[in-house]
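In: here's a sequence, model it:
(2 chains)
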Amino acid sequence: MQNNNDTQWMLWEVFTQEKPGAPFEHAGSLRAPDKELALLNARDVYSRRNEAINIWVVPADAITASTPDDEGPFFDPSNDKAYRHPNFYKTPAGIKQI
Amino acid sequence: MTKQHALTDFCLQLGDTALIHGQRLGELCGHAPILEEDIALTNISLDLIGQARIMLAYAGKLEGQNRDEDQLAFHRDAWLFRNVLMAELPNGDFGFTIGKIFFLSIYMKHLYRLLSQAKDETIKAFAEKSLKEVVYHARHASDWVIRLGDGTVESHQRMQNTMDDLSLYTDDLFETTDAEAYLVKENIIPGLAEIKKAWMDDVISVLNEAKLTLPAANSFLRKGGKRGLHTEHLGHILAEMQFLPRAYPDAKW
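Out: Here you go, the predicted structure:
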């Protein structure tokens, strides 16, 4: 919803990747007037100490998220079905990133 | 002039410009227009203080009078500072602060690029390390110059005023000191004459995009920072920066 009294810049969500091949993780959010400055701000706010080698910035309103109300129907059904979980395999030695 | 004198003086030029530029930006900690920019400006400031530390430590070693980087930063008077004048100018409005970072970082970028080929190993290593930092400062400042210059009527006007005001101090960046001339002649550092054109090309390319102009050559250009001839602003910034270490010389924190 547009609030005309809101003089703040657009809200962006920031995702950072720590090393090649690693998943991008949500680092936090920030405000910026456009995507280039959002990227520069993200670098300064969330990767000041070499935390990232790659950064994504996404307009916050472009993200569709589940809500707390979804908790039951969305996530519960998997809990009581052990066969959904990969608990019955041995992980080969030397496999990383699992 | 001996090699030792020339090298010491040149390292003070590099170190003092970084120190005073960094100290000015540090004043904005907690005062920038928005949180994100506050962090960005203080990041830039910290990069610069790090650069100053390397060069002042080296200058102290070259000088051979047992002075470390803190002694040189906090126990020297204004006329002994060798920084370029633009670094000591007060921050002004946000556009002026950005304009200073813009001109200085593009200058430092080309200076460090050339010094990466210096014969002196410490200067070479310093330039290679610091180049990455100032390239980022230039990118950050250029992005803002474009947005403010090509922004609202007011932001454009303020940014143009910045260009007009700062143009008094741009020639000071390119003044060749005796120390520089000596080091170039002795082949210790490469010739620095090409910096001005490279700087101008970069500046003009951003200003065109930002719909800003540099005023035609001014009749009165301030120079002399690298020779110790400073504006009235340096004394004030040193008073604030040096008060504590001078009042309590053995204080530890």
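
In: helix/strand/coil for the residue positioned nearest the centre of chain A?
Out: The centroid of chain A falls nearest to residue A:26 when counting by Cα atoms, centre = their mean (2.9 Å). Per DSSP: H, G, I helix; E, B strand; the rest coil, the local secondary structure of residue A:26 is strand.

In: how about the residues of chain B by chain A?
Out: Proximity of chain B to chain A is assessed by Cβ under 8 Å from any Cβ of the partner chain, with B:34-37, B:39-40, B:43, B:139-140, B:143-144, B:147 identified as the residues in range. To be clear about C-beta, it is placed using only N, CA and C from the backbone, and glycine gets the same treatment.

In: pipe the residues you listed into TSV and attach pLDDT, neighbour count and secondary structure per row.
Out: Conversion of these to TSV gives the following (pLDDT from 0 to 100; neighbours: other Cβ atoms under 10 Å in any protein chain shown; DSSP: H, G, I helix; E, B strand; the rest coil):
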residue	pLDDT	neighbour count	secondary structure
B:34	89	16	coil
B:35	91	13	helix
B:36	92	21	helix
B:37	94	22	helix
B:39	94	18	helix
B:40	95	26	helix
B:43	95	19	helix
B:139	96	15	helix
B:140	96	24	helix
B:143	96	19	helix
B:144	97	25	helix
B:147	96	17	helix
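
In: can you name the two of those that sit furthest apart?
Out: B:35 and B:139 (20.0 Å; Cβ to Cβ).

In: run through the strands of chain B in chain order.
Out: Chain-ordered strands for chain B, with DSSP state E as the definition, do not occur.

In: could you pull out the helices for it?
Out: Using DSSP state H, the helices of chain B run over B:3-26, B:35-63, B:69-74, B:85-88, B:94-115, B:121-149, B:153-166, B:170-173, B:178-185, B:195-210, B:233-247.

In: for these, which one sits closest to residue A:45?
Out: Judging the helices of chain B by Cβ to Cβ, what sits closest to residue A:45 is helix B:35-63, at 5.4 Å.

In: most packed of the helices of chain B?
Out: helix B:85-88 (a mean of 26; mean count of other Cβ atoms under 10 Å in any protein chain shown).

In: coming back round to it: and the helices of chain B: which comes nearest residue A:58?
Out: Using Cβ to Cβ, the nearest of these to residue A:58 is helix B:35-63, at 16.0 Å.

In: could you check the angle that closest one makes with helix B:121-149?
Out: Between the axes of helix B:35-63 and helix B:121-149, defined by axes from the mean of the first three to the mean of the last three Cα atoms, to 10 degrees, the angle is 150 degrees.

In: gap between residue B:105 and residue B:86?
Out: 11 Å (Cβ to Cβ, to the nearest Å).

In: alright, calling it a day.
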